[in-house]
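>>> Pasting the sequence and the predicted model now:
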Amino acid sequence: MINFQYARASDVADAVRRMAADPDAKLIAGGTNLIDLMKEDVERPPRLIDISRLPLKAVEETADGGVRIGALMPNSDLAYHPVIERRYPLLASALLAGASQQLRNMATTGGNLLQRTRCYYFYDVATPCNKRDPGSGCSAIDGTNRIHAILGASSSCIATHPSDMCVALAALDARVRATGPAGERTIAFQDFHRLPGSTPQTDTNLAPNEIVTAVELPPRGFASNHSYLKIRDRLSYAFALVSVAAALELDGGTIREARLALGGVAHKPWRDAAVEATLHGQPADRAAFTRAADVLLRDARGYAHNSFKIELASRVIVRALTQAARGTPQSQSVKKVV
Amino acid sequence: MHMQQESMQRAGAATLARPASLAVPEKIPVTLNVNGVATPLRVAPWTTLLDALRDHLDMTGAKKGCDHGQCGACTVLVNGRRIVSCLTLAVMQDGAAVTTIEGLAADGALHPLQQAFIDHDAFQCGYCTPGQICSAAGLIAEGKARGANMSIDDIRELMSGNICRCGAYPNIVAAIRQAMGQP
């Protein structure tokens, strides 16, 4: 770790002012990603602004019948919040699929949104990485790329976004609230994380001087028919090779509405509303789910060590939608996939 | 010869010139309430809670297994919640109540978890053990708060942040079940 100055922000406006005063400063909340990256010398902020004590830790019901989740709420508190458990169990399940309980007790909503890729080369400052060091090259494309993207990648970067929470938020049509010097704004979830393109150093469309204050969810939580299915190299405490957040609104055996988001396969949670629309009016059966998977994965391409993800993703999509249709969401404790 | 030596000397002096001093941040005063004792410290900002406990306070129960939040050997309780102390800074925890393995026994009696770990042979080399026990203490508190009746699958999943190279896992789970009062 390099030398840095440390200060605590007194409120959101103070945090915004401090960020404006030093564009190289970084906000710290739970610290579970930032401190890790500072120890690896990947992040070298000369100044940390501690926002961990700001009062942005509640779940409130909003005027439109949805909820607003404070950006500093610990992931464990969010997963166990009675309103989230009852109305948005897909989000609770996805949160519990990630990290360890110690980390979930520390990590925050905002930090989970903004966490950086776990690409081995991004982490290794001795290797070329366009995300860490623009223009230096991408070591993963012709290197070890088991955990890397099969969708939306570019010749500059094939990294994936590691979050489970974000996959559920994408499926649930969340919105991110942010505050900057120009005031507050709302960012639709599909516009929050970026694809790498030729500028992989920029993970999100959040401005450098903005702070995430909340995540809002619309009223519909698909609480009756959902599943978060995460496939990984270990049974627990590992990032997804492929994960799927699936949600359905059913009319008997017919799909009225579907939500389908993929994790572990791209620089952002992978969701395509056009593919979801093709499921409307279809029977909730394996054939319909397989057709949807084929379309959602049509542009998938593998690299030397991750082509298996394409077939795996197809199977996980079908299984997750089947679990959702049956009302038998994957348990995050009982590991057997039924 | 003389001029060659002089220029070599100058070149040597240039390469050996002392680098400009790097700015060293002031140490920051922090008070941690460690096992019930208000403990003032002065630490550099980059000092993790783990390093503050081990190096500044000689409380070496919490272990530095990986220093990256991946092994759980550094697990302590902060304000009653289990965290990995290697991924938080001491300055961020100013004023917090920290419970370490050293603080679990009370009035000369082992904590029920400590006794259970002995009863069930739940440790071999002992390196992961303080983290396992603190993590389990956190788990039990979480379960109580949620009124949860935990299955073995739940316990294993919720303890997955603590790894044990000796493989004492089945006995660790048995010890935790005993401490929870499960048959």
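Yep, it's here. Just so it is clear, the structure is predicted and the values come from calculations on it, not from any experiment. Residues are numbered from 1 along each chain as shown, chains lettered A, B, ... in the order given.
>>> By proximity to chain A, which residue of chain B wins?
Residue of chain B nearest chain A, by Cβ to the nearest Cβ: B:Gly161 (2.5 Å). Any C-beta I mention is one placed from the backbone N, CA and C, and that applies to glycine too.
>>> Quick check: residues of chain B near chain A?
B:22-25, B:28, B:45-46, B:48, B:67-69, B:72, B:75, B:81-84, B:87-89, B:91-92, B:135, B:138-139, B:142, B:146, B:151, B:153-154, B:156-162 (Cβ under 8 Å from any Cβ of the partner chain).
>>> Buried only: go through the residues you listed for me.
Using 16 or more other Cβ atoms under 10 Å in any protein chain shown as the burial test, those include B:28, B:45-46, B:48, B:67-69, B:72, B:75, B:81-84, B:87-89, B:91-92, B:135, B:138-139, B:142, B:154, B:156-162 as buried.
>>> Identify those among these that sit within helices.
Among those, the members found in helices (DSSP state H) are B:135, B:138-139, B:142, B:154, B:156-158.
>>> Let me see the confidence value for the residue of chain A positioned farthest from its centre.
With Cα atoms, centre = their mean as the measure, chain A has its most outlying C-alpha, relative to the mean C-alpha position, at A:Gly252: 31.5 Å. At A:Gly252, the pLDDT value in this model is 96.
>>> what separates B:Thr75 from A:Gln332, distance-wise?
20 Å (Cβ to Cβ, to the nearest Å).
>>> just to revisit the earlier point, who are the contact partners of the closest residue to the residue of chain B closest to chain A other than its chain neighbours?
Leaving aside its chain neighbours, B:Gly161 sits nearest to A:Ser100 (2.5 Å; criterion: Cβ to Cβ, 6 or more residues apart in numbering or on different chains). A:Ser100 sits next to A:237, B:72, B:84, B:160-162 when contact means Cβ atoms under 8 Å, 6 or more residues apart in numbering or on different chains.
>>> Of all pairs in those residues, which one is the farthest apart?
Across the contacts of A:Ser100, no pair lies farther apart than B:Val84 and B:Ser160, at 12.8 Å, counting by Cβ to Cβ.
>>> In chain B, where is pLDDT below threshold?
B:1-23 (pLDDT under 70).
>>> Find the centremost residue of it, please.
B:Cys74 (2.6 Å).
>>> Just to be sure, A:Ala320 is in a helix?
Yes. Under the criterion used here (DSSP: H, G, I helix; E, B strand; the rest coil), A:Ala320 sits inside a helix.
>>> Which ones among the buried ones among the residues of chain B next to chain A map onto strands?
Counting by DSSP state E, those place B:28, B:75, B:81-84 in strands.
>>> Return the closest of the residues you listed with respect to B:Asp58.
Checking these one by one against B:Asp58 (Cβ to Cβ), the nearest turns out to be B:Thr75, at 18.8 Å.
>>> Double-check the closest one against B:Thr88; I have them as touching.
No. Here B:Thr75 does not reach B:Thr88: they are 11.7 Å apart, not a contact under Cβ atoms under 8 Å.
>>> Quick check: the gap between B:Pro130 and B:Ala90.
18 Å.
>>> Kindly report the same for A:Leu96.
A:Leu96 is 29 Å from B:Ala90, by Cβ to Cβ.
>>> of those two, who's got more company?
Using other Cβ atoms under 10 Å in any protein chain shown as the criterion, A:Leu96 and B:Ala90 rank with B:Ala90 on top: 26 against 22.
>>> What's the local residue count around A:Tyr80?
For A:Tyr80, using other Cβ under 10 Å, the count is 18.
>>> Just list the residues touching it, thanks.
A:92, B:146.
>>> give me that answer again for 6 Å
Residues near A:Tyr80 by Cβ atoms under 6 Å, 6 or more residues apart in numbering or on different chains: none.
>>> Read off the pLDDT value for it.
A:Tyr80 is given a pLDDT of 98.
>>> Return the backbone torsion pair for it.
phi -100, psi 0 (degrees, to the nearest 10).
>>> Low-confidence bits of the stretch 201-338 of chain A, can you list those?
Looking at the stretch 201-338 of chain A by pLDDT under 70, you get an empty list.
>>> residues in contact with stretch A:13-33?
By Cβ under 6 Å, 6+ apart, stretch A:13-33 touches A:9, A:34, A:45-52, A:72, A:103, A:106-108, A:111, A:115, A:181, A:209, A:211, B:69, B:87-88.
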